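S.K.: here's my sequence, what's the structure:
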Amino acid sequence: MKPSTETIEFHGIEAIRLNGPRGATAVVSRLGGQVLSWITPDGREHLFLSERAVFDGSAPIRGGIPVCFPQFGGVGDLPKHGFVRTREWSTAGQRSADDYALVTLELADDPETRALWPHAFRAEITVMLEVDRIDIEFCVENTGSAPFEFTGALHSYLRVVQVEDVVLEGLYGHDYRDAVDGNRVVRETGTEIQVEGEVDRAYFGVRRPQLLTAGNLSLAIQSQGFPDVVVWNPWVEGCAGLKDMAPDAWRHMLCVEAAAVGNPVVVPAGEEWYGRQTLVAV
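M.R.: Here you go, the predicted structure:
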């Protein structure tokens, strides 16, 4: 079948399904502008979505690829990871051709966002699906008359069979801030990262792609525009404190996030900023 896009109901909320080449699919929720599923032609789901995720807008959806903006984490006065994850985005465009399907969602400031963050903005998330690849591009436009700054991320939850078996390459030699160790800044000396406990690291100034491998699964991860990479797994104890995660859910996910957290991004009045994360099943 030729690639296409369609509006569907997904866990009771409105979403757009991208029907890509050779049976690849992706689902993008209008709530949060969030990718919730990415399935390659072999039938494999590559994104983790919690079985206890909340879909009524009262809390962010746990899993997929949440958009964190205009604040990453809890460093600042805004709600954790900002406020766009629980807002309804509108569809700005959809198209498809023989080798891809694409959707763009948008969100603009309103009185409610300006009460939290007093800036005029327009945000866009564009998702393009190909046979074995998905691109997520995040654009922020400053529609106001003064510059603003933000931190943020594409908070990608990658599905794995067993996180203890996963190896992540591509971060050797980079400094990272270790939230598990009192935000101490450490130099990564290992060529591979293996998850053997709670991991919450922000790697700075990353220019190389990453490769996630586990058994017969390999996923290439590359970002543009985002200077940093966040790696997160809550492990047993951290997962137990998350009411929207099953007790063993930590075992089946690893977040490898395209992020801007070390230094805020400054967007002058009338200008735009773009960041992108690309995931390729190899």
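
S.K.: which residues in this protein form helices?
M.R.: 111-116, 235-240 (DSSP state H).

S.K.: of these, which approaches F204 most closely?
M.R.: helix 235-240 (22.7 Å; C-beta to C-beta). The C-beta positions use only the backbone N, C-alpha and C, and glycine is treated the same way.

S.K.: residues in contact with the closest one?
M.R.: By C-beta atoms under 8 Å, 6 or more residues apart in numbering, the surrounding residues in contact with helix 235-240 are 195, 197-199, 245, 247-250.

S.K.: from those, which ones fall inside strands?
M.R.: V199 (DSSP state E).

S.K.: what's the farthest-apart pair in the contacts of helix 235-240?
M.R.: The most distant members of the contacts of helix 235-240, if one measures by C-beta to C-beta, are V199 and P247, lying 18.2 Å apart.

S.K.: out of those two, which sits in the busier spot?
M.R.: The neighbour comparison of V199 against P247 (other C-beta atoms under 10 Å) goes to V199, with 22 against 10.

S.K.: excluding sequence neighbours, find me the nearest residue to the more buried one.
M.R.: N233 (4.8 Å; C-beta to C-beta, 6 or more residues apart in numbering).

S.K.: need the contact list for that neighbour.
M.R.: 163, 195, 198-199, 250, 253-255.

S.K.: likewise E257?
M.R.: 153-156, 229-232, 277.

S.K.: what of E272?
M.R.: Counted by C-beta under 8 Å, 6+ apart, E272 has contacts 139-142.

S.K.: so what's it bridging to?
M.R.: Note on E272: beta-bridge partners E141, judged by DSSP bridges.

S.K.: just to revisit the earlier point, return the member of the contacts of helix 235-240 nearest to K80.
M.R.: M245 (15.2 Å).

S.K.: looking at the closest one now. What's its pLDDT?
M.R.: Listed pLDDT for M245 reads 98.

S.K.: could you measure from it over to D110?
M.R.: For M245, the distance to D110 equals 31 Å [C-beta to C-beta, to the nearest Å].

S.K.: for P79, see how far away the residue nearest to V199 is.
M.R.: 23 Å.

S.K.: so for the lengthiest strand in the chain, mean pLDDT?
M.R.: Scanning the chain for the strand with the most residues, using DSSP E, yields strand 253-267. Taken as a whole, strand 253-267 has an average pLDDT of 98.

S.K.: return the set of buried residues in it.
M.R.: 253-262, 264-265, 267 (16 or more other C-beta atoms under 10 Å).

S.K.: got it, and stretch 86-93?
M.R.: 86-87, 89.

S.K.: kindly report the same for stretch 36-47.
M.R.: Buried residues in stretch 36-47 (16+ other C-beta under 10 Å): 36-40, 46-47.

S.K.: what's the most distant pair in the residues you listed?
M.R.: Between any two of the buried residues of stretch 36-47 (C-beta to C-beta), the greatest distance is 15.4 Å, for L36 and T40.

S.K.: for T213, what are its contacts?
M.R.: By C-beta under 8 Å, 6+ apart, the contact set of T213 is 166-167, 169, 219.

S.K.: would you mind checking which of the residues you listed is nearest to V67?
M.R.: For those, the nearest to V67 is L219 (20.1 Å; C-beta to C-beta).

S.K.: grab the nearest non-local neighbour of that closest one.
M.R.: Distances taken as C-beta to C-beta, 6+ apart put L212 closest to L219, at 4.4 Å, once the chain neighbours are dropped.

S.K.: returning to that earlier point: tell me which of the helices of the chain is the most buried.
M.R.: Neighbour counts averaged per stretch over the helices of the chain are highest for helix 235-240, at a mean of 14; criterion: mean count of other C-beta atoms under 10 Å.

S.K.: check L217 and give its pLDDT.
M.R.: For L217, pLDDT reads 85.

S.K.: what number of residues lie near it?
M.R.: Neighbours of L217 (other C-beta under 10 Å): 17.

S.K.: so it sits right up against V161, yeah?
M.R.: Yes. L217 lies in contact with V161 (C-beta atoms under 8 Å); the separation is 7.5 Å.

S.K.: so what's W117 up against?
M.R.: 70, 78, 83.

S.K.: most surrounded residue in those?
M.R.: Going by other C-beta under 10 Å, P70 tops these with 25 neighbours.
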